[in-house]
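Undergrad: next come a sequence and a model predicted from it.
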Amino acid sequence: MKLVTFTHNKLSRVGAITDDYVVDSQGCADIPANMIDFLTAGAPALAAMQRQIDSGSQRLALVDAKLEAPVPRPGKYLGIGLNYADHIAETGRDKPDYPTFFTKQSTCVIGTGDAIQRPKVSDKLDYEGELAFIIGRRCRHVPVDCAHEVIAGYTIANDVTVRDWQVRSPTWTVGKSFDTCGPLGPWLVTADEIGNPHQLSLKTWVDDELRQAANTSEMMFNCYEMVAYLSQAMTLEPGDVITTGTPAGVGVKMQPRGYLKPGQMVRIEIEGIGTLSNPVIDEY
């Protein structure tokens, strides 16, 4: 199932994608209106959405709906750094012994089609195409072999980074959290539909130039290991977003630098999920 948060006639709610339509949940009391509540409700909400899909009613043309980020304001947005060997090599850093996590503030999140703003205070705006997963169940101390049970599904993330602000702090948080620096989408694909998340091709284009090409099999710490590691320290909750790192090909390591400029388009494609596209503009 492809779950979306969408806006139509100025009202936002949860829906599902089927072909070129959005299955609308409006008026269905069994389907919560926001994604965090939907995921918290669990199997009954999924069953209600499936009934809505099967009914063949309440459909909007996809072109008439505005897709938001699947989880527009996640409670936690955690990213992992240095998780692909080729990206570690291009940075010149040592392979980490443990996963290195940082926080992106949830106000950075935007959906597919929304503009990434190059900030007034920097021209060092960079892209990072990544697989992201979304927690579906409140959990703590999750064993690796049970971690798949707490993942609701997968989406695409662009871990947009303001590089000079990133290095001002060892936590990276500010440089990772500028407004509009958290594109997510276009939808959440439920875990059962993805199957193995560790065998997916990932590609990032800037305009028509292919910048990144990798496979999630190349991750050093996989999705389930990330859940197990993080849940030793903190309670993970429905709607929490965790990104899985970027492969080689980021703009900061190109010669000359391949920073994003207004007028460009960033497009990230992950097998089995779809495409996340965002134009770049100057901050206004």
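TA: Cool, the structure landed.

Undergrad: so how far is A47 from the nearest residue to L11 once chain neighbours are set aside?
TA: Closest residue to L11 apart from its sequence neighbours, by CB to CB, 6 or more residues apart in numbering: Q26 at 7.3 Å. Heads up, the C-betas are built off the backbone N, CA and C, glycines and all. Relative to A47, Q26 is positioned 18 Å away (CB to CB, to the nearest Å).

Undergrad: now swap in I88 and tell me
TA: In terms of CB to CB, I88 sits 43 Å off from A47.

Undergrad: the more surrounded of the two?
TA: Applying other CB atoms under 10 Å to I88 and A47 shows that I88 carries more neighbours, namely 18 against 13.

Undergrad: contacts for whichever strand or helix holds that one, please.
TA: Applying DSSP states H and E as the criterion places I88 in helix 85-91. Contact with helix 85-91 is made by 82, 94-95, 214, 218, 220, 245-250, 253, as judged by CB atoms under 8 Å, 6 or more residues apart in numbering.

Undergrad: could you redo the last one with a cut-off of 7 Å?
TA: Applying CB atoms under 7 Å, 6 or more residues apart in numbering, the contact partners of helix 85-91 are L82, K95, E218, M220, T246, P247, A248, K253.

Undergrad: pick out the residue nearest the middle of the protein.
TA: A157 (3.2 Å; CA atoms, centre = their mean).

Undergrad: state the three-state secondary structure for that residue.
TA: The three-state assignment at A157 reads strand, by DSSP: H, G, I helix; E, B strand; the rest coil.

Undergrad: so it versus T204, what's the distance?
TA: As judged by CB to CB, A157 and T204 stand 11 Å apart.

Undergrad: with K253 instead?
TA: For K253, the distance to T204 - CB to CB - is 13 Å.

Undergrad: quick check: buried residues in stretch 266-283?
TA: V266, R267, I268, E269, I270, I273, G274, L276, S277, N278, V280, E283 (16 or more other CB atoms under 10 Å).

Undergrad: and the closest residue in space to the third one that isn't next to it in sequence, what does it touch?
TA: Spelled out, that is I268. Distances taken as CB to CB, 6+ apart put G129 closest to I268, at 4.0 Å, once the chain neighbours are dropped. Contacts for G129 (CB under 7 Å, 6+ apart) come out as N158, L202, T204, Q212, T246, I268.
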